[in-house]
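**Q** What follows is a predicted structure for the sequence shown.
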Amino acid sequence: MSRKGRASGPRTSHPPLAGDWTSQKLRVLASYLTSYTTALKDQPTRDHSFRKGYIDGFAGTGYRDVYREEAGPQAPLFPDLADADPQALLDGSARIALKTEPRFDRYVFIERSAQRCAQLDALRSEFPDLANDIHIQQGDANDEIRTMCAKDWRAHRAVMFLDAFGMQVEWRTLEAIAHTRAIDLWLLFPLGMGVNRLLTKSGDIPLPWRHRLNVLLGTQAWSEDLYRVETEPTLFGNDQERVVKATTATIGRYFNDRLKSIFAGVSAEPGVLRNSKRNPLYLLCFAVGNDRGKDLALRIANHLLKELR
C-alpha cells in the first residue's frame, strides 16, 4: 500500500528514555499488529467479506504527550504512583495502527473527550488513503465496546487495545469481547496504579473501593483469594490472628486466571510495566478470542512479552 500522504508527525528534541514503560508497551503492540495483518492478509473467503479491524478503546489524540494530562474519570486513582519519566510527542497507539502494513480494513477509535475526538479526526488528513476506513466514536469505552461486540462477528476479526490509565475497564466488557470469539485483546491491568493500593494491608476496604474492585474483577469473591488469615501463638499461650494481603505477583496471577476463564487462550506470563524506580505499574495482558487462531497468536504474543518479564 502506498505511503503517499502519510505524515511522520512532529519532531521533538526530547526523545523518550530508553526502556520507559510507555515505549515498551507500544513496541509490543506495533510488532503484534504487523504480525497479525501479515498472517491474515491472504485469508480466504468465498464472498470476499472477511474484514480485519483495529479497535482502540482509549484512543486519546493519536499522539503521546510529554506530560499526560488526565482529569475526571480518566485520572489515575493514585496519581502519586504515576511515572514522571518524560514522554516525547511521538506516535500513540492510534497512529501506530494506521502505519501498520499490511493495513487493517477498518480502524475504530473510541474516546470520551470531544476535544480529543476532534484531534483524532485530523488523522484522516494525515492518512488520506485510509480516511474512509477511520471511524471515531465519542463515548464511554465500556458502552461503545459492548454495543460493538453484540453484532455479528462471523466474518470479522480484530485486535483491540485497552490502554486505560486507571480502573475504567469493566469485567462485563471483557466478557463481551471474549464472547465474540473474534478479537485478540491487549489490555493494561492497573496492578500498581490501582488494585494493589485498593487492597489495604488490614483488609478493611471502604465500600466505594470494594465496588470498584468488584466491577473490575467481575466477582465479589476476590477477597477469599487475595487475603488469608494466619494464626500465631502468643507468649501468653493463646492464639492471635492476623490478616495477610496477597503479593503483587499473586494479584497479577489472579487476574490472569480470571481472563483464562472467559477467553480461548491467554498468555501465561503478562508483561510487567514498571516506572523508573522499578515499581510495577501495569500488567500488559494478552488474550485470544478465536480458538482456531489461538496457537499462532499466543506464540507471537509470548515472544514479544519476553522483554517485559
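**A** Sure, I can see it. Numbering: from 1, shown residues only.
**Q** CA only for contacts and neighbour counts going forward, please
**A** OK.
**Q** Give me the neighbour count for V229.
**A** By other CA atoms under 10 Å, 11 other residues sit near V229.
**Q** With V288 instead?
**A** Counted with other CA under 10 Å, V288 comes out at 29.
**Q** and it, how far is that from G252?
**A** 18 Å (CA to CA, to the nearest Å).
**Q** And L281, by the same measure?
**A** 11 Å.
**Q** Need the residues touching each of these two.
**A** Counting by CA atoms under 8 Å, 6 or more residues apart in numbering, the common neighbours of L281 and G252 are L191.
**Q** Please list all residues in contact with S267.
**A** Taking CA under 8 Å, 6+ apart, one finds 285-287, 298, 301-302 in contact with S267.
**Q** Confidence-wise, which helix or strand of the chain is lowest on average?
**A** Lowest by mean pLDDT, DSSP states H and E among the helices and strands of the chain is strand 63-64, with a mean of 73.
**Q** now for whatever helix or strand comes next after it, which elements pack on it?
**A** Where DSSP states H and E defines the elements, the next helix or strand beyond strand 63-64 is strand 90-91. Counting contacts by 3 or more CA pairs under 8 Å, 6 or more residues apart in numbering; DSSP states H and E, strand 90-91 is packed against strand 63-64.
**Q** center of the protein, which residue is that?
**A** L187 (2.4 Å; CA atoms, centre = their mean).
**Q** where does that one land in three-state SS?
**A** Local secondary structure at L187 is given as strand here, using DSSP: H, G, I helix; E, B strand; the rest coil.
**Q** For it, give me the pLDDT.
**A** Note on L187: pLDDT of 98.
**Q** you'd agree it is up against Y282?
**A** No - counting by CA atoms under 8 Å, L187 does not reach Y282; the two are 9.5 Å apart.
**Q** Quick one: which of the contacts of S267 is the most crowded by neighbours?
**A** A287 (29 neighbours).
**Q** And the nearest residue to that residue once chain neighbours are set aside, what's its pLDDT?
**A** Excluding its sequence neighbours, the residue lying closest to A287 (CA to CA, 6 or more residues apart in numbering) is V266, at 4.3 Å. We have a pLDDT of 98 for V266.
**Q** what about V266, neighbour count?
**A** 26.
**Q** contacting residues around the nearest residue to A131 once chain neighbours are set aside?
**A** Nearest residue to A131, sequence neighbours excluded (CA to CA, 6+ apart): R124, at 4.5 Å. Going by CA under 8 Å, 6+ apart, R124 touches 130-132, 134.
**Q** Output the one helix or strand R124 maps to as CSV, nothing but the C-alphas.
**A** Here R124 is covered by helix 123-126, with elements defined by DSSP H and E. Extracted C-alpha coordinates of helix 123-126, given in CSV (Å, rounded to 0.1, in the frame of the first residue of the first chain):
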residue,chain,number,x,y,z
LEU,A,123,-5.8,11.7,11.3
ARG,A,124,-8.0,11.4,8.2
SER,A,125,-6.0,14.2,6.6
GLU,A,126,-2.7,12.7,7.7
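**Q** Following element in sequence after it, please.
**A** strand 134-138.
**Q** Parallel or antiparallel, which strands does that following strand pair with?
**A** Here strand 134-138 is paired, per DSSP bridges, with strand 106-111 (parallel).
**Q** ok but V243 is inside a strand, no?
**A** Yes - assigned with three-state DSSP, V243 falls within a strand.
**Q** That one and T231 touch, don't they?
**A** No - contact criterion CA under 8 Å: V243 and T231 do not qualify, at 9.0 Å.
**Q** These two: which has the busier surroundings?
**A** Each of V243 and T231 has its neighbours counted (other CA under 10 Å); V243 has more, 14 against 11.
**Q** How about the more buried one, nearest residue that isn't a chain neighbour?
**A** V229 (4.7 Å).
**Q** Let me know the next secondary structure element after the longest helix along the chain.
**A** Secondary structure of the chain per DSSP state H: the longest helix is helix 21-40. The first helix or strand that comes after helix 21-40 along the chain, using DSSP H and E, is strand 51-56.
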